[in-house]
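[1] need a 3D model of the sequence below.
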Amino acid sequence: MYNSQLPSDGSQTPQSVSMSSHTGNFTQRGERPGNERIRVLLKSFGLRTSLIRLKVIDALLVAAQSDRRLGVRGVHSQLLDLDVPLSFLSVREVLKRLCAEGVITFNADKSYSLHPQAAAVLNHD
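    Residues are numbered from 1 along each chain as shown. Presented below is the predicted three-dimensional model:
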C-alpha cells in the first residue's frame, strides 16, 4: 500500500527520526476520547478500525443515549451534521458489515442498535 510519508525514490527513512512513546496520545481531528472503547470493541470482533466504523458506531451510541433509534438515513444525516463527508452508500455498507459481524443488530423498525454482546464489551470497563 502506498504511504505518502515514505520517500518514493526507494531510499530509507532517515535514521535520526525517533518514535516517542507519546505518539499514541494523538487523536484524529474530531475524534472523541471514548473512541478507544470502540477500537477495543472492533478488535474484539476481529475487525480493523476505520474512521467510518468509529463514526457510525459513535452515532448509534449517541442516539441510544438520547433514546433515539437511527436507520441508514438517520446515521448518514447525523454524520453529515458532524461534517463527516461520507456517502449514503458507504454508510449503508458499513452498517451491513457491522450487522454481519454481530456488532450491531437490524431491528424490526429498520433501525440499528448495538448488539447486547457488543454493549457488554463496551461496558466492561
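
[2] in the chain, where is pLDDT below threshold?
    1-34, 125 (pLDDT under 70).

[3] recalculate using a threshold of 50.
    1-4, 6-31 (pLDDT under 50).

[4] list the contacts of the residue nearest to the spatial centre of it.
    In the chain, the C-alpha nearest the mean C-alpha coordinate belongs to Leu54, at 1.3 Å (C-alpha atoms, centre = their mean). By C-beta atoms under 8 Å, 6 or more residues apart in numbering, the contact set of Leu54 is 31, 35, 38-39, 42. Any C-beta I mention is one placed from the backbone N, CA and C, and that applies to glycine too.

[5] give me the element it is part of.
    Assessed by DSSP states H and E, Leu54 sits inside helix 51-65.

[6] ok, which stretches of the chain are strands?
    Along the chain, counting by DSSP state E, strands occupy 104-106, 112-114.

[7] would CSV of those with distance to Val62 and mean neighbour count be doable?
    Formatted as CSV, these follow (distance: least, C-beta to C-beta, whole Å; neighbours: other C-beta atoms under 10 Å):
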stretch, distance to Val62, mean neighbour count
strand 104-106, 14, 17
strand 112-114, 11, 21
